[in-house]
Structure formats: structure tokens, C-alpha cells
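> here are the coordinates; sequence isn't available:
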């Protein structure tokens with residue numbers, strides 16, 4: 001089965017400038033948007049694309065791990081009724097998932113993980129290929 005990333009998602013009009021920047025090779029960006037503007041949604045879909053293009057470890061970081069679990073790992077898209085991570089990282093690109101440490105392993109060897117910066121001493125391992133906060 002072929003899959004195109006981002007998976008069944010398109011950036012909103014005001015998100016397109018950021019998305020084009022990332023697609024053209026942009027490495028660092030700051031989106032100063034209001035609450036509920038879709039910052040995490042853009043980051044999730046971009047992380048899926050980046051992780052499939054370059055194998056590595058990718059983190060989605062929030063101030064606290066408990067916030068990360070609620071806002072990212074367990075978050076449901078109210079428009080589709082699906083978990084946001086399942087939309088961004090479809091099962092066809094996964095080889096494993098660990099709910100206890102909020103980690104998804106992809107078919108190309110990449111690992112995407114939701115983490116909290118509240119316990120930074122626990123964040124060890126190889127250098128990250130990508131970080132969203």
C-alpha cells in the first residue's frame with residue numbers, strides 16, 4: 001500500500017507559509033499563533049514527513065510530560081474522531097508503538113516520541129534529528 005505524507009491533511013491558509021518553508025528545507029521556525037491555531041497539528045504532520053525522509057529520533061516536547069500525554073498522545077481530532085497521532089503517523093508507516101513512554105517506531109527505523117521538559121535528566125540517548133516544542 002502506498003501512502004502519501006502528510007496523510008490526508010493539508011495546511012490551513014495561514015499555515016501554508018510555514019509548511020512551504022519547511023518543505024523547502026527550512027530548519028528552524030517559530031509560529032506565534034493563537035491557541036487552537038493548529039501549531040501541534042503542523043508539527044505532527046511535519047515530523048511524520050521528516051522522520052520518513054531521514055531516519056533519526058524526533059521529539060515533540062511540552063513543558064510537562066503529563067501535558068504532552070493529554071495534548072498530543074491522547075488528543076482526538078474533533079472533526080474526525082481519530083487520535084491526532086494516528087492521523088499523522090498512519091499504521092502503514094509504523095512497526096511499533098509504546099504507550100508507556102509515548103513512542104512510535106517507524107518502518108525506516110525512525111523513532112518519534114512525545115516528551116516533557118520537566119524531567120530533562122531522563123531525556124538521554126542519541127542526538128535528535130528533530131525537536132518540536
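Thanks, I have the structure now. Nothing here was measured: the structure is a model prediction, and the numbers come from that model.

> does residue 57 really touch residue 109, like I thought?
No - using C-beta atoms under 8 Å, residue 57 is not in contact with residue 109, being 9.9 Å away. C-beta coordinates here come from the backbone N, C-alpha and C atoms, glycine included.

> so where do the helices sit in this structure?
16-23, 39-53, 65-68, 84-88 (DSSP state H).

> just checking, what packs against the shortest one?
If contacts are counted by 3 or more C-beta pairs under 8 Å, 6 or more residues apart in numbering; DSSP states H and E, helix 65-68 sits against strand 57-62, strand 111-116.

> ok, the first one: who's next to it in the sheet?
The reference is to strand 57-62. strand 111-116 (parallel), strand 130-132 (parallel) (DSSP bridges).

> So which of those is nearest residue 3?
strand 111-116 (15.6 Å; C-beta to C-beta).

> buried stuff in that closest one?
In terms of neighbour count (16 or more other C-beta atoms under 10 Å), strand 111-116 has its buried residues at 111-116.
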